[in-house]
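J.: generate a structure from the sequence data that follows.
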Amino acid sequence: MKITRTIIAVSIYPCIWRVISIGLCCVLAIAPAHEVLAKRVSKPPTAQGNFVDHLDGYDTTRWFKADGWKNGSPFDNAWLADNILFDSGVMDIRLDDKATMGEPYASGNYQSTGFYGYGCYEASFKPVAAPGVVSSFFTFAGPFDNGGNGSHNEIDIEFLGYDTWYFQVNWWANDDSYTGGHEYLVGLGFDAEKEFHRYGFKWTSAGIEWFVDGTSVYNVIDSAADPTPKETESLQKIMMNVWPVDDTAASWAGAFNYPGMPLHGIYDWVRHIAGEDCSLAVAPALPPPPPNGDAGDLHVQDIAMNLNSRGTQVIVRVQVQNGIGEPVNGVTVEGAWSGIITNGDMSRTTDDTGTATFYSARSRDPGSVLFCVTNLGKSGMNYNMDADVETCDVISK
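T.: Prediction:
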């Protein structure tokens, strides 16, 4: 992310917190010596729109992997990009005993490049079932994030590996001191380690509601005495990670003992549905299998829509693959704009990652912008529209 003035262009992994029975555990991420330890004051970002990511590859337009960072106690690990792997249509966050940056273990942290506001957040995953290991899906903004006001705002789903028949919810609103945690254990009635289930929450101006497989399991209501986070104050990043606790947090998450082999948190997909009227009742559609496994076929694998920093222009990235799931370079992608913006790039060509980038005309008017792919073309290849994971996408500005 771009950092202004004296702060260098480095994204610092935020402070991670945990309130345990013996008190508050909070440690700021270790920053470079020349990092300015002050809240950022640049212009707040624009909320990003809907997406479904089936985590079948590293999408650098939406995510980045933490690499070469550590948080210190109660974390007993450093973050390495190599500890996030993609294989067979899932994301594997691996916790291993590769000593790094003075820590005995290494693991992975996957977080969005953009910020998100009110809406529904959901992931399908299998947590690590081992005492002392935390597997998470959450949103976060802190003093080193330009989510808005620069304060700590957060909404959590966390599995404590000593008992994966439960998960813990939690949240903070403008709480840099981490004194206002709201921990609550939700019973599942099944062992989450055994198979994929959907875990999510709905964040609105009225409060937060958590869901399992589309069914509401817990909610909190915003109040003047105990306010929940507000998108008008700070948007948040989406994050997933797996990490071992040190002895200071053993009474909260269990004592961690490395079992002699890597541990794996497995994530199948993640999605965001923007807006306070969103619903998690229905799971996202599964991605279609490659059409007959034909390397000569083309289809749209993903459409990612973002706004520029001023919120006046829509940027669309269309990812094209062939029938065996490989990105295809040199494909002419044609598209059409509608909604409050009807003009912009109508034809672009994919790069080595199979991505074609479109820019809309500029407009300050609020409303929705729709972009649809109308054709894919490359000599010697066929466009199989029925295999498109997405053909259209929409974003509000």
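J.: over to the spatially most central residue of the chain: give its phi and psi.
T.: In the chain, the C-alpha nearest the mean C-alpha coordinate belongs to residue 238, at 3.3 Å (CA atoms, centre = their mean). The phi/psi pair for residue 238 (degrees, to the nearest 10) reads phi -100, psi 130.
J.: check the gap between the closest residue to residue 166 other than its chain neighbours and residue 371 for me.
T.: Of all residues not flanking residue 166 in the chain, residue 185 sits nearest, at 4.8 Å (CB to CB, 6 or more residues apart in numbering). Placement of C-beta: from N, CA and C, glycine included. As judged by CB to CB, to the nearest Å, residue 185 and residue 371 stand 43 Å apart.
J.: gap between the residue lying closest to residue 378 once chain neighbours are set aside and residue 103?
T.: Leaving aside its chain neighbours, residue 378 sits nearest to residue 331 (4.7 Å; criterion: CB to CB, 6+ apart). In this view, residue 331 and residue 103 are 44 Å apart by CB to CB.
J.: which one of the two has more residues nearby?
T.: Comparing residue 331 with residue 103 by neighbour count (other CB atoms under 10 Å), the higher total belongs to residue 331, at 24 against 19.
J.: for the residue nearest to residue 378, give its distance to residue 273.
T.: 29 Å.
J.: do residue 44 as well
T.: 22 Å.
J.: again, but for residue 311
T.: Counting by CB to CB, the separation of residue 311 from residue 273 is 20 Å.
J.: between these two, which is the more surrounded one?
T.: residue 273 (19 against 15).
J.: surely the more buried one is in a strand?
T.: Yes. The assignment for residue 273 is a strand, going by DSSP: H, G, I helix; E, B strand; the rest coil.
J.: pretty sure it sits against residue 281.
T.: No. Assessed by CB atoms under 8 Å, residue 273 is found out of contact with residue 281, at 10.9 Å.
J.: tell me the bridge partners for residue 220.
T.: residue 208 (DSSP bridges).
J.: residue 197 and residue 124 touch, don't they?
T.: Yes. Residue 197 lies in contact with residue 124 (CB under 8 Å); the separation is 6.8 Å.
J.: looking at these two now, which is surrounded by more residues?
T.: More crowded of residue 197 and residue 124, by other CB under 10 Å: residue 124, with 23 against 17.
J.: the more buried one sits in which helix or strand?
T.: strand 119-126 (DSSP states H and E).
J.: who does that strand pair up with?
T.: Pairing partners of strand 119-126, with direction, according to DSSP bridges: strand 197-204 (antiparallel), strand 263-274 (antiparallel).
J.: residues making contact with the shortest one?
T.: Strand 197-204 has contacts (CB atoms under 8 Å, 6 or more residues apart in numbering) with 117-125, 137, 139, 155, 157, 167, 169, 188, 190, 208-214, 228-229, 231, 276, 278, 280, 283.
J.: narrow these to those that are buried.
T.: Neighbour-count burial (16 or more other CB atoms under 10 Å) applied to those gives 117-125, 137, 139, 155, 157, 167, 169, 188, 208-213, 228-229, 231, 278, 280.
J.: only alpha carbons, please: show stretch 209-224 as PDB.
T.: What follows is stretch 209-224, C-alpha atoms only, in PDB (Å, rounded to 0.1, in the frame of the first residue of the first chain):
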ATOM      1  CA  GLU A 209     -24.300 -11.400  13.700                       C
ATOM      2  CA  TRP A 210     -22.300 -14.600  13.300                       C
ATOM      3  CA  PHE A 211     -23.400 -17.600  11.200                       C
ATOM      4  CA  VAL A 212     -22.500 -21.300  10.700                       C
ATOM      5  CA  ASP A 213     -23.500 -22.900   7.400                       C
ATOM      6  CA  GLY A 214     -25.900 -20.000   6.900                       C
ATOM      7  CA  THR A 215     -27.600 -20.300  10.300                       C
ATOM      8  CA  SER A 216     -27.400 -17.500  12.900                       C
ATOM      9  CA  VAL A 217     -25.600 -18.600  16.000                       C
ATOM     10  CA  TYR A 218     -24.800 -15.400  17.900                       C
ATOM     11  CA  ASN A 219     -25.300 -11.600  17.600                       C
ATOM     12  CA  VAL A 220     -24.400  -8.400  19.400                       C
ATOM     13  CA  ILE A 221     -26.300  -5.100  19.100                       C
ATOM     14  CA  ASP A 222     -24.700  -1.700  18.800                       C
ATOM     15  CA  SER A 223     -25.300   0.600  21.700                       C
ATOM     16  CA  ALA A 224     -24.000   4.000  22.900                       C
END
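J.: now it, how far from the chain's geometric center?
T.: Put simply, stretch 209-224 sits 20 Å off its chain's centre (CA atoms, centre = their mean, to the nearest Å).
J.: where are the low-confidence patches of the chain?
T.: 1-42, 288-292 (pLDDT under 70).
J.: correct me if wrong: residue 373 contacts residue 300.
T.: Yes. At 5.2 Å, residue 373 counts as touching residue 300 under the criterion of CB under 8 Å.
J.: ok, residues contacting the strand holding residue 124?
T.: Here strand 119-126 has contacts from 135, 137, 139, 155, 157, 192-203, 211, 238, 240, 265-276, 278-280, 283, using CB under 8 Å, 6+ apart.
J.: give the contact list for residue 59.
T.: 53, 302, 304, 319.
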